[in-house]
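Trainee: what follows is a predicted structure for the sequence shown.
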Amino acid sequence: MSARRVRVLVRGRVQGVFFRAETRARAESLGLSGSVRNLPDGAVEAVFEGDPERVDSMVDWSRRGPDGARVEGVEVSSEEPTGEHGFHVR
């Protein structure tokens, strides 16, 4: 099975609610690679790479986020897999 890679931009009340920490924990538990970071405009950007079904699961979770988050919009763009290893908070 081939890997899938997506970049996800999450807008709303998504900083200061443990979005990055929970994203990392969930992605690692699914065996995904990638990263998550806060952007200066208050959004969160995440990159997920790995098993397509597990990537889709993380995208679906990003539409809700952790308790306390208020997700107002999610943009998803596909990218070519890079073979990245590990998941990083930036």
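Mentor: That came in fine, so what should we check first?

Trainee: what strand or helix carries V59?
Mentor: For V59, the host element (DSSP states H and E) is helix 52-62.

Trainee: list the buried residues in that helix.
Mentor: 54-55, 57-59, 62 (16 or more other CB atoms under 10 Å). Any C-beta I mention is one placed from the backbone N, CA and C, and that applies to glycine too.

Trainee: doesn't H88 fall inside a strand?
Mentor: Yes - according to DSSP: H, G, I helix; E, B strand; the rest coil, H88 belongs to a strand.

Trainee: where's the residue nearest in space to the middle of the chain relative to A25, distance?
Mentor: The centre of the chain sits closest to A46, judged by CA atoms, centre = their mean, with a distance of 3.6 Å. Spatial separation of A46 from A25 under the definition CB to CB, to the nearest Å is 13 Å.

Trainee: ok, now S78?
Mentor: Using CB to CB, S78 is found at 24 Å from A25.

Trainee: go on, A43?
Mentor: Counting by CB to CB, the gap from A43 to A25 is 20 Å.

Trainee: check T82 too.
Mentor: Look at T82 and A25: by CB to CB, they are 22 Å apart.

Trainee: what of R13?
Mentor: Distance from R13 to A25, by CB to CB: 20 Å.

Trainee: helix, strand or coil for T82?
Mentor: Relying on three-state DSSP, one would call T82 coil.

Trainee: also G68?
Mentor: Of the three states, G68 takes coil according to three-state DSSP.

Trainee: and it, what is it in contact with?
Mentor: Applying CB atoms under 8 Å, 6 or more residues apart in numbering to G68 gives the contacts 13, 17-18.

Trainee: where does the protein dip in pLDDT?
Mentor: Within the chain, the segments meeting pLDDT under 70 span 1.
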